[in-house]
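**Q** only geometry, no sequence info:
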């Protein structure tokens, strides 16, 4: 299994810019070869800056948005207009601002029973991808080492069959809907965006420490034969300045 690629840039704005450039590059290649580009978006503050950049000139003119097929790596169990909704954030910062085909935007239905929502989304992923995977899955990493809604000690970490599951998160006392590690690992590229000094120790532990995915769930993400790219700022990398 290939080692992850690590790209360290100056700051949060540079993280967004590097990610945007890579996504446009991958979308162009996919559209040229297959006429479609599939990507799973994530929630959180770091992707917000990325989405705002992608929806601003000159990026809006650099890709065929009609060829994008958009999914979500996870969702909170709320409606699409709730402030906590990952879909709402993506819609406000990106989807409503670019000419994406609405029929190619596939949100997780957070307002219904989470088990049913996960089943529906898993069936969608099976229909769309079969035993294959997406072009790109965007992820972040929490201070506790979680990614998507794969939290430390939660049941979804042991999932081996399903593409999407409902996952109860004890520390938050709430349910989430999330893609599973086995499905994420089918992607051609998994892109992890991390910024801030608060995450430096965890980044070092995840990348260089012992393997303990029950405590550090992001260690489950090992795309094969795909590529894993970490894009982080110098603070998250534990560096005072670029070499």
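**A** Cool, the structure landed. Being a predicted model, the structure only gives us computed values, none of them experimental.
**Q** Can you mark which positions in stretch 178-198 are buried?
**A** Using 16 or more other Cβ atoms under 10 Å as the test for burial, stretch 178-198 gives 178-181, 183-196. For every residue, glycine as well, the C-beta is placed using N, CA and C.
**Q** now, which of those residues lie within helices?
**A** 181, 183, 184 (DSSP state H).
**Q** Leaving out chain neighbours, which residue sits closest to the first one?
**A** Distances taken as Cβ to Cβ, 6 or more residues apart in numbering put residue 220 closest to residue 181, at 3.9 Å, once the chain neighbours are dropped.
**Q** from memory the one you found sits against residue 150, does it?
**A** Yes - the pair residue 220 and residue 150 qualifies as a contact (Cβ atoms under 8 Å) at a distance of 6.8 Å.
**Q** now the strands for the chain?
**A** In the chain, the strands defined using DSSP state E lie at 5-9, 37-41, 68-72, 74-76, 136-139, 164-169, 174-179, 189-194, 227-233.
**Q** quick one: contacts of the second one?
**A** When contacts are taken as Cβ atoms under 8 Å, 6 or more residues apart in numbering, the neighbours of strand 37-41 outside the stretch itself are 23, 26-27, 30-31, 47, 51, 63, 67-73, 86, 90, 94, 128-129, 134-138, 179, 187.
**Q** same thing with the first one?
**A** The set of residues external to strand 5-9 that reach it, using Cβ under 8 Å, 6+ apart, is 15, 17-18, 207, 227-234, 237, 239, 242.
**Q** neighbouring strands for that strand, and are they parallel or not?
**A** Take DSSP bridges as the rule and strand 5-9 pairs in its sheet with strand 227-233 (parallel).
**Q** now the shortest one
**A** With DSSP bridges as the criterion, the sheet partners recorded for strand 74-76 are strand 174-179 (antiparallel).
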